[in-house]
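Enquirer: I would like to see how this sequence folds:
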Amino acid sequence: ICGKSQLEKELIETTEKYSIPYTILRPAFIYGPFNYAPRESWYIEKIVRHKPVPKLVDGTAHFSFVYVSDVARALQAMIGNEKAYNEIFNVSAPEVLTNEAFLDELVAQNGAPFETQDVTVEEVLKNSIAIPFPLTDDEVYDGTKLANTFGFEYTDFHEGMRKAFNAFKRVYE
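Expert: Got it, this is the predicted structure:
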């Protein structure tokens, strides 16, 4: 995060020096087909291949998501739009989740329970289990500035996960 802050500061200083407008986007956890990180797909692969899914029993973190195409649509809304000049926007759907709520959504999308394996934060850290979401520290973003500025509507998390689950399920079957 420190490197990102420094990069943003440098971007602002440089663009102001040359009188060029900037726009900074800060997306939450991006999910859905063609996103850059195997987060939800990591879980979906385990579900489809009937492997136990780690279930964090003592994690306390809350976090935000944004559907991959929402990021693309946000960029489209901002390109050449003066409302975006010299502004910083979080790109984040309004839902705030926990690891437990995320697994509940996967059960809903799967249409049936799947095998889980209870793990603690200590076990995750000790055994380098690749839980791709925060364990104890919140990562919650507020995307209402983007919504209010551009009349932007985010994809509902349940609908986005339906699309993501179906897309990744086909890959791993």
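
Enquirer: show me where the chain has strands.
Expert: With DSSP state E applied, the chain shows strands at 23-27, 29-31, 53-56, 63-67, 87-91, 96-97, 116-119, listed in chain order.

Enquirer: dump those strands into TSV; add distance to Asp137, mean neighbour count and mean pLDDT as well.
Expert: To be clear about C-beta, it is placed using only N, CA and C from the backbone, and glycine gets the same treatment. Putting those into TSV (distance: least, Cβ to Cβ, whole Å; neighbours: other Cβ atoms under 10 Å; pLDDT from 0 to 100) gives the following:
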stretch	distance to Asp137	mean neighbour count	mean pLDDT
strand 23-27	16	16	96
strand 29-31	13	21	97
strand 53-56	13	19	96
strand 63-67	9	25	97
strand 87-91	17	19	98
strand 96-97	14	19	96
strand 116-119	17	15	97
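
Enquirer: out of those, flag the one nearest Thr149.
Expert: Thr149 sits nearest to strand 87-91 of all the strands of the chain, at 7.4 Å, using Cβ to Cβ.

Enquirer: what is the closest one packed up against?
Expert: Using 3 or more Cβ pairs under 8 Å, 6 or more residues apart in numbering; DSSP states H and E as the contact criterion, the neighbours of strand 87-91 among helices and strands are strand 23-27, helix 68-78, helix 144-150.

Enquirer: tell me the strands beside the first one, with direction?
Expert: Translated: strand 23-27. strand 87-91 (parallel) (DSSP bridges).

Enquirer: can you give the contact residues for the strand it pairs with?
Expert: With Cβ atoms under 8 Å, 6 or more residues apart in numbering as the contact definition, strand 87-91 has outside contacts at 8, 23-28, 66, 70-71, 74, 78, 141-143, 145-146, 149.
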